[in-house]
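K.L.:
below are the sequence and a predicted model; questions follow.
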Amino acid sequence: MSPARDKAFVLLQHLLPQHTLSRLTGALASSRLTFLKNWLITRFITAFGVDMREAAEPDPRAYANFNAFFTRALREGARPVDMTAGAIVSPADGAVSQAGDISAGRILQAKGRSYSVAELLANHAEAADFEGGSFATIYLSPRDYHRVHMPCEARLTALRYVPGRLFSVNGVTAESVPGLFARNERLVCRFETAHGPMAMVLVGAMVVAGIETVWTGPVTPAGRTVLSMDLESDASARTLAKGAEMGRFQLGSTVILLLPRGVSAWDDQVVAASPLRMGQRIGGWKSA
């Protein structure tokens with residue numbers, strides 16, 4: 001886009017009824033009308049160059065609706081997980097938006113812009129656990145596989161739905177909208193690992209119809225208050241192995257991974273714009 005088009009695109013997002021548009025998108029994506037869902041799926045595959053050879057079900061017409069297609073499973077072996085001891089793996093397909101250190105309670109969003117960890121997590125006490133730690137922001141484009149997996153073995157200790165806006169999360173918007181990821185609707189997942197706390201934040205975006213987890217199903221009610229999820233069930237049921245599925249997006253968005261100070265390091269190739277595949281090594285635990 002040209003600079004003028006970039007500005008117009010961002011301005012339009014401020015003016016649009018973001019949640020209404022996303023609800024309408026969700027209704028279309030969940031439609032089981034054969035002609036409509038087949039048209040949506042085939043047009044999407046063509047527009048974004050989706051490789052259906054990777055899918056467990058490669059026939060686009062076999063999906064019940066667009067959401068089923070968009071959150072499709074991959075065929076066995078399509079995303080091998082690096083099971084090397086101490087390896088941290090990418091939780092999703094996509095590209096690195098930014099990665100680095102958390103300094104003075106802030107995360108780099110784009111050149112010249114940063115935002116507050118406390119605001120992102122909607123919890124100041126939890127933010128302190130990640131001071132001086134590291135972060136990686138992974139952008140999932142429309143063509144990517146949209147299930148989210150565990151970067152390491154961990155036990156879920158808290159879920160928090162945080163209401164907010166639904167700006168696009170592409171590069172143009174990240175460079176233009178202050179505090180983008182701490183303003184958008186999101187789901188904060190806090191875990192305990194063998195090396196300390198970990199947070200994964202699943203960020204909603206324009207026309208994202210919903211966010212799900214394997215524990216709760218859909219968890220983005222488009223409400224106006226912060227909601228903490230009840231985790232009184234068996235703790236062993238909330239422990240997932242490295243590479244296990246933990247959630248999914250209905251239409252694309254962003255995953256932000258937070259790790260505490262001094263326990264991990266990103267690999268050299270984890271820099272802005274570098275492509276990722278779920279399961280590939282992106283870093284390692286220092287004590288491993």
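P.N.:
Great, that's in hand.
K.L.:
need the per-residue pLDDT for P178.
P.N.:
pLDDT recorded at P178 is 85.
K.L.:
any idea which element the nearest residue to N123 once chain neighbours are set aside lies in?
P.N.:
Leaving out its chain neighbours, the residue that sits closest to N123 by CB to CB, 6 or more residues apart in numbering is R160, at 7.0 Å. Quick note: C-beta positions are derived from backbone N, CA and C, even for glycine. According to DSSP states H and E, R160 maps onto strand 154-162.
K.L.:
in its sheet, what does that strand sit against?
P.N.:
strand 186-193 (antiparallel), strand 227-228 (antiparallel), strand 239-240 (antiparallel) (DSSP bridges).
K.L.:
what packs against the helix or strand following that strand?
P.N.:
Downstream of strand 154-162, the next assigned helix or strand under DSSP H and E is helix 171-176. Using 3 or more CB pairs under 8 Å, 6 or more residues apart in numbering; DSSP states H and E as the contact test, the elements touching helix 171-176 are helix 3-15, strand 106-110.
K.L.:
so how far is the next helix or strand after the shortest one off the chain centroid?
P.N.:
The element immediately downstream of strand 106-110 (helix or strand, assigned by DSSP H and E) is strand 113-116. Computed by CA atoms, centre = their mean, to the nearest Å, the chain-centroid distance of strand 113-116 equals 18 Å.
K.L.:
ok, then the element right after strand 113-116?
P.N.:
helix 117-121.
K.L.:
send me that next one as PDB with only the CA atoms.
P.N.:
Output of helix 117-121 as PDB, limited to C-alpha atoms (Å, rounded to 0.1, in the frame of the first residue of the first chain):
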ATOM      1  CA  VAL A 117       2.700  -5.800  29.600                       C
ATOM      2  CA  ALA A 118       0.400  -5.000  32.500                       C
ATOM      3  CA  GLU A 119      -2.200  -3.700  30.100                       C
ATOM      4  CA  LEU A 120      -1.800  -6.600  27.700                       C
ATOM      5  CA  LEU A 121      -2.400  -9.100  30.500                       C
END
